[in-house]
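**Student:** following is a predicted model, sequence given first.
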Amino acid sequence: MIIGSQIYKRYPGGFEALKNISFEIAGGEMALVGGHSGAGKTTFLKLLSAIERPTSGSLVVNGQNLVALRPAALPFLRRNLGLVFQDQKLLFDRSALENVLLPLEIIGLAPREAQRRARAALDKVGLLAREKTNPIALSGGEQQRLAIARAVVNRPIILLADEPTANLDEESARQVLDLFIAFNQVRVTVIIATHAPQALFPPGMTARVLTLSHGALVP
Amino acid sequence: MKPWFRQHLAAFFRAARRLTDSPLSALLSILAIGIAMALPAAGYLCLDNLKALGANTSRVQQMSLFMNTGANEKARAAVERRLEALLPGQWRFVSRDAALRQMEANEGMAEIIATLPKNPLPDAFILEPDDAGPEDLERLRATLSAWPGVAHVQLDSAWIKRFDAFLRLGRLSVHLLTIIFAVGLIAVVFNTIRLQVLGQAEEIEVARLIGATDAFIRRPFCYLGVLQGALGGLTAALLLLAGTLALAPHVTRLAALYGSAFVLNGPSFPHGLALIGSGAALGWLGAQLSVRLIRDR
């Protein structure tokens, strides 16, 4: 469960990216964070993943207040979060499988078990056949799916994605979205920042939408 | 296998892979470290050899104890007993008659001695104290001089003092050289690791975002520093060994010309281990300083 209360985020220089944001996202929920460019969507996700800290207010993720979180506790919080970035942040000096193995190396999983889980994650996103491929040789959609595999291999409680379909064609975007829906169906909380929430979901599919405008939540 | 051990092992192999990924630059860094370590180590080795040479020479250093010319047999026997207690087997007696005969044997001296009304030489003892430093010899001289019947104790220790002072100066110079080169070594490792940290900035960022601790991120860089330092130490030991092997026959030949059996000693196995260990420690220190960059970024 994620609870935000009266959150403000002000950057050095005085720019206020988020103003008085209060919200609740239940465990297992699918939430879309919408809004125009510069509305504060990325800042919102950065606060949830503790990349940034609120200037004021309180933000509780998985029972931990991120405002008061000690730096030493940060890595352990992140291990329960799956992060998918618009630019994927893949490592191009290693194979697809090695990219997915990285979160498991970080937690010190036995190599055999790590390989098994990484391959399962690659299989889930349809990239098992390309496990030895360098990410640079993958298409945009495949790279995004690889980033999702890396985000979910650690079995996170919350999956956060920032514009995951922004640079993808319609079919790739559909495949990526289907993956998020599949993870949500197994009770993973999924929060996706997108500039076009309505266009993202097919007719009939419902998801909660939090709309931001100039840093404030639109009621 | 425990996770922390597995992570250390993985970090070690990652560090080793980083070394082999760029073999030429790794080789040059290790060579620079090896040379930086070999120079002061060669200084220590020289001092050790000189010390051994000095110890050899001081063993044949003689001290002469002259009795009063009027000293009787009883006084001589008393000195003999005390010498045997103090320096067992390291002295010999030269009677005044034997000394005169020795002097007569020298060319041209026989005529001069024949003109003397009586033997002017005293009974004497020649002492060859073992493993004694300049201070010990000076103390011994003062003790012997105070014995009854002893007229004079002669010790030519000036050269030993000079040699000892030279060794002290040499040791101090090598200590200073060691500090300078240790700082240099730390700087080399610091810079190598800094470049690695900058080159791996993207990987570090990603690892942080997916839950890596600072320790996890820093570990491979620390192992890289340790590996470079240890290999540098090994290089230094091999350079010293090669240098000693090349010089030893020439030094032995030169020593033989001076009638000495001196042998140039190279680095021993413990010396080699010490070089590898200190290289690893300094490499670790350089890496520790460098990975502070990760924390600061």
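**Tutor:** The structure has been received and is ready for your questions.
**Student:** these two touch, right, A:L146 and A:V100?
**Tutor:** Yes - assessed by C-beta atoms under 8 Å, A:L146 is found in contact with A:V100 at 7.2 Å. Placement of C-beta: from N, CA and C, glycine included.
**Student:** so for those two, which residues contact both of them?
**Tutor:** Counting by C-beta atoms under 8 Å, 6 or more residues apart in numbering or on different chains, the residues touching both A:L146 and A:V100 are A:L122.
**Student:** what is the distance between the helix or strand where B:A165 lies and the centre of its chain?
**Tutor:** Assigned by DSSP states H and E, B:A165 belongs to helix B:158-199. Centroid separation for helix B:158-199 versus its chain: 14 Å, with C-alpha atoms, centre = their mean, to the nearest Å.
**Student:** likewise for stretch B:18-32?
**Tutor:** Counting by C-alpha atoms, centre = their mean, stretch B:18-32 is centred 31 Å from the centre of its parent chain.
**Student:** hmm, back to that, A:L146 and A:V100: which is more packed in?
**Tutor:** A:V100 (31 against 25; other C-beta atoms under 10 Å in any protein chain shown).
**Student:** give the rounded mean pLDDT of the helix holding B:A165.
**Tutor:** Taken as a whole, helix B:158-199 has a mean pLDDT of 87.
**Student:** flag every residue of the stretch 1-150 of chain B that's near chain A.
**Tutor:** Contact residues (C-beta under 8 Å from any C-beta of the partner chain) of the stretch 1-150 of chain B with chain A: B:M1, B:P3, B:W4, B:R6, B:Q7, B:A10.
**Student:** quick one: which of the residues you listed is nearest chain A?
**Tutor:** For those, the minimum distance to chain A (C-beta to the nearest C-beta) is 3.0 Å, reached by B:P3.
**Student:** just the CA coordinates of the host helix or strand of B:F5, formatted as CSV?
**Tutor:** B:F5 belongs to helix B:3-21 when elements are defined using DSSP H and E. Provided in CSV are the C-alpha atoms of helix B:3-21 (Å, rounded to 0.1, in the frame of the first residue of the first chain):
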residue,chain,number,x,y,z
PRO,B,3,25.4,-15.1,0.2
TRP,B,4,28.1,-12.7,1.5
PHE,B,5,30.9,-15.1,0.5
ARG,B,6,29.3,-15.6,-2.9
GLN,B,7,29.1,-11.9,-3.4
HIS,B,8,32.7,-11.4,-2.4
LEU,B,9,33.7,-14.2,-4.8
ALA,B,10,31.7,-12.7,-7.6
ALA,B,11,33.2,-9.3,-6.9
PHE,B,12,36.7,-10.8,-7.0
PHE,B,13,36.1,-12.4,-10.4
ARG,B,14,34.4,-9.3,-11.7
ALA,B,15,37.6,-7.4,-10.7
ALA,B,16,39.8,-10.0,-12.3
ARG,B,17,37.7,-9.7,-15.5
ARG,B,18,38.1,-6.0,-15.5
LEU,B,19,41.9,-6.5,-15.4
THR,B,20,41.8,-9.0,-18.3
ASP,B,21,39.4,-6.9,-20.3
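**Student:** distance from that helix to the middle of the chain?
**Tutor:** Distance, centroid of helix B:3-21 to centroid of chain: 37 Å (C-alpha atoms, centre = their mean).
**Student:** quick check: buried residues in it?
**Tutor:** Within helix B:3-21, the residues that count as buried by 16 or more other C-beta atoms under 10 Å in any protein chain shown are B:R6, B:Q7, B:A10, B:A11, B:F12, B:A15, B:R18, B:L19.
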